[in-house]
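Engineer: Quick one, fold the following:
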Amino acid sequence: MKITTAKLRTMIMVALKISAQTNLVWHFKGGTNFSGIYVSSGVTKFVIKNHGTNYIFTLDDLAADDLARVTAIKEKQAAAAAEAKEKYQEKLDAYREKFQSVCGIWSSDTDTRSRYKKFDLRSDGSGIYLRENANGRQEQASKFDWSFTGDAVILSGTTYKLEGEDLIDEKGNRWLHIR
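Structural biologist: Residues are numbered from 1 along each chain as shown. Model (predicted):
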């Protein structure tokens, strides 16, 4: 699960659409009326959609009641956007924490039928397989890239499911987080 700026933008847009209204009649100073759906507004202008076309008006031309309505809509949208951003940040923080929890050295004492019994997952997405040399000392065997999906680690084409504090490979071997 990769959380991107585009995803945040989508979440905020969904939150803004919560405040979308049905077709309303907007009243202007001087007695003119216009029917349409509020789209957005800035400091001096606002946009109303009518039959698929966006119309831009000046806020100063709105009657007092409708100016207050625009202000209320903007406040509602700002609150919805802030809530969406907060939820996004909470999810992002939880993902980062989970990601960091899988970084480090993993070891398997079971017969994995592999010459590698350890690997080191680094926070930059790189990793190295570790093996013991003839003298019994640990050495770097080969490098690889790895990815994290939120509930699994994928390295060298093998998926390791996160189960509690351990990783379980596709053959059911348990890998312990030792450092």
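
Engineer: what mean pLDDT does the longest strand seen in the chain have?
Structural biologist: Using DSSP state E to assign secondary structure, the strand with the most residues in the chain is strand 138-148. Average pLDDT, strand 138-148: 87.

Engineer: Any buried residues in it, and which?
Structural biologist: Residues of strand 138-148 classed as buried: 141, 146, 148 (neighbour count, 16 or more other CB atoms under 10 Å). Heads up, the C-betas are built off the backbone N, CA and C, glycines and all.

Engineer: Ranking helices and strands of the protein by mean pLDDT, which lands last?
Structural biologist: Confidence across the helices and strands of the chain bottoms out at helix 5-18, with a mean of 59, counting by mean pLDDT, DSSP states H and E.

Engineer: which residues does the nearest residue to residue 160 once chain neighbours are set aside contact?
Structural biologist: For residue 160, ignoring the flanking residues on the chain, the nearest one in space by CB to CB, 6 or more residues apart in numbering is residue 167 at 3.9 Å. By CB atoms under 8 Å, 6 or more residues apart in numbering, the contact list for residue 167 reads 102, 106, 153, 160-161, 174-175, 177.

Engineer: Now do residue 167 against residue 128, distance only.
Structural biologist: 16 Å (CB to CB, to the nearest Å).

Engineer: Tell me the pLDDT of the residue of the chain most remote from its centre.
Structural biologist: Going by CA atoms, centre = their mean, the residue of the chain most distant from its centre is residue 30, 47.4 Å out. Looking at residue 30, its pLDDT stands at 89.

Engineer: Can you give me the domain boundaries for this structure?
Structural biologist: Split into domains by automatic domain parsing, the chain comes to 5-100, 103-177.

Engineer: chain center to the shortest one, what's the gap?
Structural biologist: For domain 103-177, the gap between its own C-alpha mean and the chain's C-alpha mean amounts to 26 Å (CA atoms, centre = their mean, to the nearest Å).

Engineer: where are the low-confidence patches of this structure?
Structural biologist: For the chain, residues meeting the criterion pLDDT under 70 lie at 1-22, 110-115.

Engineer: Which helix runs longest in the protein?
Structural biologist: Ranked by residue count under DSSP state H, the longest helix found in the chain is helix 64-102.

Engineer: Following that one in sequence, what is the next regular element?
Structural biologist: strand 104-107 (DSSP states H and E).

Engineer: Which elements pack onto that following strand?
Structural biologist: Counting contacts by 3 or more CB pairs under 8 Å, 6 or more residues apart in numbering; DSSP states H and E, strand 104-107 packs against strand 118-121, strand 174-177.

Engineer: returning to what we had before: now the longest strand of the chain against helix 64-102, angle please.
Structural biologist: Relative orientation of strand 138-148 versus helix 64-102 (axes from the mean of the first three to the mean of the last three CA atoms, to 10 degrees): 150 degrees.
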